[in-house]
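> could you look at this predicted model? Sequence included:
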2 protein chains.
Amino acid sequence: MLDSVPDSAVDPEAASPPRIAGAGVASLHGTLLAQLRDYVVEGNLAPGARVPERLLCERFGISRTPLREALKVLASEGLIDLLPNRGARVRQLGPDEMVALFDVMGGLEALAGRLACEKITEAGFAEIERLHHEMYAAYLRRDLHGYFAGNQAIHDRIVEAADNEPLRTTYANFAGRLRRVRYAANLDKDRDRWGEAMREHEEILDALRRRAGPELSDILFRHLRNKRRAAAVRETATAGA
Amino acid sequence: MLDSVPDSAVDPEAASPPRIAGAGVASLHGTLLAQLRDYVVEGNLAPGARVPERLLCERFGISRTPLREALKVLASEGLIDLLPNRGARVRQLGPDEMVALFDVMGGLEALAGRLACEKITEAGFAEIERLHHEMYAAYLRRDLHGYFAGNQAIHDRIVEAADNEPLRTTYANFAGRLRRVRYAANLDKDRDRWGEAMREHEEILDALRRRAGPELSDILFRHLRNKRRAAAVRETATAGA
DNA sequence: TCGCGCAAAAATGAATGCAAATTTTTGGTC
DNA sequence: GACCAAAAATTTGCATTCATTTTTGCGCGA
């Protein structure tokens, strides 16, 4: 078989792999992949709609081979479905799938919180604290957009503070899958949930300040559970733009 | 018909009936992907070694196009690295990467335990209890192989009981990435760790019996942490077989 | 009018071909 | 004998081409 690989014994090239290929490779294929992923995540295609190979080829100025490679990757990421001999479809989330994805997000955030408590620096915490106060200000003035921006920034910083590359990648993947779920509108009407979320964030900041890993982990999971409960169970169905 | 296919290559009856896609792929591409993934995970290629396209094409009796598609997917799964213009390499885990992967595994198991407490049936629990006693018996008679088999079966059942498809997939992915890390030998020498692991499993079963989700979650994460500590920080470097 | 069947057209999946880049080999120089 | 440069050979990346499947369009008959 393949046992005739004598160079592996010497392995001169394995000694110098300074490349950090973990998340994104900077090659042409990586570029196209990122572009196409954004194109899907941003909602340029309707959920359940066919992914038109030909059109996308013209759109990105490439042939079908690299495009199909990217589609296979996107399918493995759960963004699209590949039906044998029937092409690719934008994955459409049913209620059950959405619940499952939210739970995994909760587990990942819980993990991130725990690790962050172990690794975060004082400066890193100060930055999160600052974002928290910004978000609180947005909450007070009923600035939904500002609140959500701050909220997402805080959660991203916690994942960053966890300093774990596979976690970062996996988290980004699930966040992308759930990006199309809209819940802002609901929060707008559900004033109670908004206040509750704000209180939960107070707890989050407090636990993080005390570096209470397991406690923060639990708070974050429940936080995501509540977020899910408040979320609309319906994806955005609009395609264009 | 195909004009010039190597006689020994193709095995048409290997084509399985068209399963519903849902989440997993069931086509020819899916078959090849699973085969290639197993081929890599099983350790047929040395870590850091080149993945020879040509040879694998002959090995699986296909052309380069589907093989390269599969390689792209494997790269997105973190099993191999893709270096621009320089081919694919089997990903080699450094100590830091191994630690990071173990932590994510811990987070996933913690999540699985929490969800399992919510969803597991009495029959499901009874099955895990049975496996636990089997494992304990193996522990008593110092049957390392039997112990590990039972251990893995229990953890798999917990993930199954969580009844969350994305979690299952992600868990399988990380388990595959860590498959090459060998720690059995260490456990054999570290009698203390073995007893400690057994005690932790008692706690796991107890928490699961009481459906104490957050508690089980915490136990499982710490269990994985301890497992990591006992693990060899070195991958198996052998290629063949 | 509606359904059925058949043929044309489009799309998918995979193989082959070709240019660019890399690795290896060869030859020359100090 | 070691080191460096240039050319050959291999490999990679992508485009193009081919066979098969699916979908569409249309005519026919009940």
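Arrived safely. Everything numeric here is computed off the predicted structure, so don't read it as measured data. Numbering: from 1, shown residues only, chains lettered A, B, ... in the order given.
> pLDDT score for A:His29?
Here, the pLDDT recorded for A:His29 equals 84.
> tell me how far it lies from B:Gly106.
32 Å (Cβ to Cβ, to the nearest Å). From N, CA and C alone the C-beta is placed, and that goes for glycine too.
> which one's more surrounded, those two?
B:Gly106 (23 against 18; other Cβ atoms under 10 Å in any protein chain shown).
> excluding residues flanking it in the chain, which one is nearest the more buried one?
B:Leu224 (3.4 Å; Cβ to Cβ, 6 or more residues apart in numbering or on different chains).
> please report the distance of the one you found from chain A.
Distance, B:Leu224 to chain A, by Cβ to the nearest Cβ, to the nearest Å: 11 Å.
> for that residue, what are its contacts?
Going by Cβ atoms under 8 Å, 6 or more residues apart in numbering or on different chains, B:Leu224 touches B:Phe102, B:Asp103, B:Met105, B:Gly106, B:Glu109, B:Ala110.
> apply 10 Å and report the result again.
Taking Cβ atoms under 10 Å, 6 or more residues apart in numbering or on different chains, we find B:Leu224 in contact with B:Phe102, B:Asp103, B:Val104, B:Met105, B:Gly106, B:Gly107, B:Leu108, B:Glu109, B:Ala110, B:His155, B:Glu200, B:Ala231.
> ok, A:Glu77 - how many residues close by?
A total of 21 residues lie near A:Glu77 under the criterion other Cβ under 10 Å.
> residues in contact with the residue nearest to it when sequence neighbours are not counted?
Spatially, and ignoring its direct neighbours in sequence, A:Glu77 is nearest to A:Asn173 (5.6 Å; Cβ to Cβ, 6+ apart). With contacts taken as Cβ under 10 Å, 6+ apart, A:Asn173 has the following neighbours: A:Arg37, A:Ser76, A:Glu77, A:Gly78, A:Leu79, A:Val104, A:Leu108, B:Ser76, B:Pro166, B:Thr170.
> let me have these in JSON lines, extended by distance to DNA strand C and secondary structure.
What follows is the contacts of A:Asn173, written out as JSON lines (distance: Cβ to the nearest atom of the strand, whole Å; DSSP: H, G, I helix; E, B strand; the rest coil):
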{"residue": "A:Arg37", "distance to DNA strand C": "18", "secondary structure": "helix"}
{"residue": "A:Ser76", "distance to DNA strand C": "14", "secondary structure": "helix"}
{"residue": "A:Glu77", "distance to DNA strand C": "17", "secondary structure": "coil"}
{"residue": "A:Gly78", "distance to DNA strand C": "17", "secondary structure": "coil"}
{"residue": "A:Leu79", "distance to DNA strand C": "16", "secondary structure": "coil"}
{"residue": "A:Val104", "distance to DNA strand C": "27", "secondary structure": "helix"}
{"residue": "A:Leu108", "distance to DNA strand C": "31", "secondary structure": "helix"}
{"residue": "B:Ser76", "distance to DNA strand C": "17", "secondary structure": "helix"}
{"residue": "B:Pro166", "distance to DNA strand C": "23", "secondary structure": "helix"}
{"residue": "B:Thr170", "distance to DNA strand C": "24", "secondary structure": "helix"}
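> ok so, going back, okay, and the residue nearest to B:Gly106 sits in which element?
Under the criterion of DSSP states H and E, B:Leu224 resides in helix B:213-230.
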